[in-house]
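S.K.: Model the following, please.
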Amino acid sequence: VRNVNELNRFNIKLKSDLSASEEIASTDRLTGIWNRNYFEEAAVIETDRADRHGRTLSMLMVDIDRFKAVNDTYGHATGDLVLKQVALRLGELLRSTDLLCRYGGEEFVVLCPDTALSTAVVLAERLRVNVGARPIDPAGVITVSIGVTQYVPGEKWMPCLQRADTMLGVITVSIGVTQYVPGEKWMPCLQRADTML
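M.R.: Numbers count the residues shown, from 1 in each chain. Here you go, the predicted structure:
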């Protein structure tokens, strides 16, 4: 009996350690939010769920504007602070069902289950305003550009994310939110030149 109890305690500790290791492997060390690997796993699950239940799903690709200039001017420690603050400010306005991930470098992805494109565009504008609402010292006011798209039933998650990412390339002079509607022309929406650095 003693060996069985010891084995049970060992198994419980092993499960706990494994769970902690999985969380560490899925979390971005700098910002504390989910990382790209976790996003990719969640995107497969959410697109399958959207197909299975006929639900909407939207994705937002967020890019910090002129981030290289922040690093070059103020150093990488300030760049790290900006990344942490942007992650925090994005997370402040998300629902518990939304998933915020650091995709890489200065890019973040927001996965929004049960969210139509029109609602995602409103959310993107709220996020954009929240990020730029207060300066991040010493870098000052930081702005973001956001590409927004809605998942098309039956597609894989990557084409959906690529559409959102492509929207970031469309944003040139004006910094703000742009939306892509499948089957229609590129449609700039909510562009605001007054948010440029």
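S.K.: rest of the way, CA atoms for contacts and neighbours
M.R.: Noted.
S.K.: quick one: the residue at minimal distance from the centre of the chain and E125, what's the gap?
M.R.: Nearest residue to the geometric centre of the chain (CA atoms, centre = their mean): V109, 2.2 Å. To E125, V109 is 15 Å away according to CA to CA, to the nearest Å.
S.K.: Also T149?
M.R.: For T149, the distance to E125 - CA to CA - is 13 Å.
S.K.: Neighbour count: these two, which is higher?
M.R.: Using other CA atoms under 10 Å as the criterion, T149 and E125 rank with T149 on top: 28 against 18.
S.K.: element containing the more buried one?
M.R.: Per DSSP states H and E: T149 is located in strand 144-150.
S.K.: That strand: what's the following helix or strand?
M.R.: Taking DSSP H and E, what comes next after strand 144-150 is helix 157-170.
S.K.: For that next one, name the packing helices and strands.
M.R.: helix 36-53, strand 57-64, strand 144-150, strand 175-180 (3 or more CA pairs under 8 Å, 6 or more residues apart in numbering; DSSP states H and E).
S.K.: For the strand holding T149, the averaged confidence score.
M.R.: Taken as a whole, strand 144-150 carries a mean pLDDT of 89.
S.K.: what angle do that strand and helix 157-170 make?
M.R.: 140 degrees (axes from the mean of the first three to the mean of the last three CA atoms, to 10 degrees).
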